[in-house]
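Asks: coords please:
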Amino acid sequence: MNPSPIANSLTTTVRADLATFDTAIWQKCRNILCFRPDNMGDVLMTSPAFRALKESVPDRKLTLLTSSAGAAIAPFIPEIDAVIPFDVPWVQPVNRQKRDELPQLVRQLKDHAFDAAILFNVQSQNPLPSALICYVAGIPRVLGYCRENPYELISDWVPDPEILVATQHEVERQLGLVATIGSTTTQKRLSITVSNQARFRALEMLTNWGVHTSEPWLILHAGVSEAKRRFGADQYVQAARQLRAKSDYQILLTGSKSEWNYVETIRKGIGEKAYNLAGALPLENFIGLVAEAPVLISNNTGPVHIAAALGTPVVVLYAMTNPQHTPWMVPSRVLYFEVPRSLRSRNRLLQHFPEPAQPRASPEGIVQAVHELVGQKTMVTS
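Replies: Residues are numbered from 1 along each chain as shown. All right, here's what the predicted structure looks like:
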């Protein structure tokens, strides 16, 4: 597996400088709100922490408050019992909520009478808006990382150990957080379920589109939610044409419905044996397709983490933004590229990427990575 720049910096054991809390109190917390307001991949990378919470208190109920994008993957994560979808205004939203809907969210949280809430955020996010929502909703215990003293907003405050630069993988970060309340697990893979029916239906759809699944094929997911994380379409075309020429690969191009035109541009550039499936697959069948694929090529985005959870090898074109989101516990190759200056984040915590960020992305690098990874699919029990 290809290590990230931060892969060896910390382990999943609790750091000596992290706080620990009264585990007896947390053992009594059976009805917990998991506040993870960002995207699908972030939710998947938190799934080992969800598992730790469940294993430490088996009759716990976990309710996930997440974005509409994050909510889409929740039914496939067995540790999640209920979902509250809400696009909060302090995270880039898929759908913009109206201002008067925030009080409605608070009332909804009050009605659930949660024993506690856990704030899951990446190192570059401020957890205090989420904490304030929990405070106003009257949730008695709140666990979370925070750089500054949150006083009464976070009852169980873990001083954030990642002050200026992310130093650990996102999975490790969230496992470390729940370990402070005595919740651990030995099963640290990402969590996802896929039915045999979804696998079969995905392959059936490919046959209907003229794809020969007995011949070499792979998935190229060129779409991404943020333009700054999108690898160049022309370079994707070059890589795919080389894969076609060298190994006669059929290229399955996936993406959302809104990305159809962009994906179609890439398909036309590749030419023969390239298929535009953008928007054609329900999420369950997309998961089934990724489960059957020999390899996935993608930007750093949600499908990478779906593949990691399923054991499907990944070639990820990784924009130099958040360094802590590389593929987790799956055969992978990470190829880095710089974000164009005009698209770089104004968040100062995202303006310094750890070096060396090697190897750099190129069409030739993609082709080499695919050839190295094919045949390395791992068996994952769901």
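
Asks: switch to C-alpha atoms for all contacts and neighbour counts from now on
Replies: OK.

Asks: which residues of the stretch 1-150 of the chain fall in strands?
Replies: When assigned using DSSP state E, counting those that start in this stretch, the strands of the stretch 1-150 of the chain occupy the ranges 31-35, 61-66, 82-85, 116-119, 141-146.

Asks: give me the angle between the last one and strand 31-35.
Replies: Using axes from the mean of the first three to the mean of the last three C-alpha atoms, to 10 degrees, the direction of strand 141-146 lies 20 degrees away from that of strand 31-35.

Asks: returning to that earlier point: I163: which of the strands of the stretch 1-150 of the chain is closest?
Replies: Taking C-alpha to C-alpha as the criterion, I163 comes closest to strand 141-146 out of the strands of the stretch 1-150 of the chain, the separation being 9.4 Å.

Asks: how many neighbours does T186 have?
Replies: Residues contacting T186 under the criterion other C-alpha atoms under 10 Å number 9.

Asks: doesn't it lie inside a strand?
Replies: No. Per DSSP: H, G, I helix; E, B strand; the rest coil, T186 lies outside any strand segment and is coil.

Asks: and it, what's its pLDDT?
Replies: pLDDT recorded at T186 is 96.

Asks: dump the residue contacts of it.
Replies: Residues touching T186, when contacts are defined by C-alpha atoms under 8 Å, 6 or more residues apart in numbering, are absent altogether.

Asks: separation between it and N126?
Replies: Between T186 and N126 the distance is 29 Å, computed by C-alpha to C-alpha, to the nearest Å.

Asks: OK, contacts around the residue most central in space within the chain?
Replies: The structure's the chain has its C-alpha centroid closest to G41; by C-alpha atoms, centre = their mean the separation is 1.4 Å. Residues in contact with G41 (C-alpha under 8 Å, 6+ apart) are 70, 301-306.

Asks: so where is this protein shaky, pLDDT-wise?
Replies: Across the chain, the ranges flagged by pLDDT under 70 are 1-19, 93-94, 381-382.

Asks: may I see the buried residues of stretch 239-248?
Replies: Across stretch 239-248, burial judged by 16 or more other C-alpha atoms under 10 Å covers 239-244.

Asks: hmm, I typed the wrong one, I wanted stretch 250-258.
Replies: Counting neighbours by 16+ other C-alpha under 10 Å, the buried set in stretch 250-258 is 250-256.

Asks: any chance you could list what contacts that stretch?
Replies: For stretch 250-258, the surrounding residues in contact (C-alpha under 8 Å, 6+ apart) are 211, 215-223, 240, 244, 263, 267, 273-280.

Asks: quick one: which of these sit in helices?
Replies: The helices, defined by DSSP state H, take in 240, 244, 263, 267 from the contacts of stretch 250-258.

Asks: ok, so of the residues you listed, who is nearest I25?
Replies: So of those, ranked by how close each gets to I25 (C-alpha to C-alpha), first place is V263, at 51.3 Å.

Asks: wait, isn't that closest one in contact with A222?
Replies: Yes. Contact status for V263 versus A222: in contact at 7.0 Å, counting by C-alpha atoms under 8 Å.

Asks: on that earlier part again, would you mind measuring from the residue nearest to the centre of the chain to N285?
Replies: Taking C-alpha to C-alpha as the measure, G41 and N285 are separated by 17 Å.
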